[in-house]
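# kindly generate the corresponding structure for this input.
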Amino acid sequence: MNSDLINLFGETFGIPEEKLVPGATLESLGLDSLAVIEFLFQIEDQFNIQIPDQPSPPRTLEEMVQLVEPLMPKAQSSSPGAA
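As a prediction, the model looks like this:
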């Protein structure tokens, strides 16, 4: 999974890294649908991307990563020296 995205998720919601597993439901991590949508907006701002409208928000951390990761700039997800 994309470490930049997972780190942002953990920092934003104060969730310990060990709970950030692909199959974890966002609801089990304490997020409601509004928090998920707001986080998607935060991702758009942070990574300067446009996430297409979805009929329903992602339900698991893995679904969120699958939605966002292909849209992220390659340098953002692979440059080891990025600060």
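# what's near enough to touch Val36?
By Cβ atoms under 8 Å, 6 or more residues apart in numbering, the residues touching Val36 are Leu26, Pro57, Pro58, Met64. Placement of C-beta: from N, CA and C, glycine included.
# if we go to 6 Å?
For Val36, the contact set (Cβ atoms under 6 Å, 6 or more residues apart in numbering) comprises Leu26, Pro57.
# okay, now Gln42: neighbour count?
Other residues near Gln42 come to 13 when the count uses other Cβ atoms under 10 Å.
# ok, longest helix in this structure?
helix 33-47 (DSSP state H).
# relative to helix 33-47, how tilted is the next helix or strand after that helix?
As assigned by DSSP states H and E, the chain's next helix or strand after helix 33-47 is helix 61-68. Angle of helix 61-68 versus helix 33-47, following axes from the mean of the first three to the mean of the last three Cα atoms, to 10 degrees, is 40 degrees.
# how far is helix 61-68 from where the chain is centred?
Mean-position distance between helix 61-68 and its chain equals 6 Å (Cα atoms, centre = their mean, to the nearest Å).
# and for stretch 23-38?
Remark: stretch 23-38 is offset 10 Å from the chain centroid, using Cα atoms, centre = their mean.
# could you do stretch 36-55 as well?
For stretch 36-55 - counting by Cα atoms, centre = their mean - the centre lies 9 Å from the chain centre.
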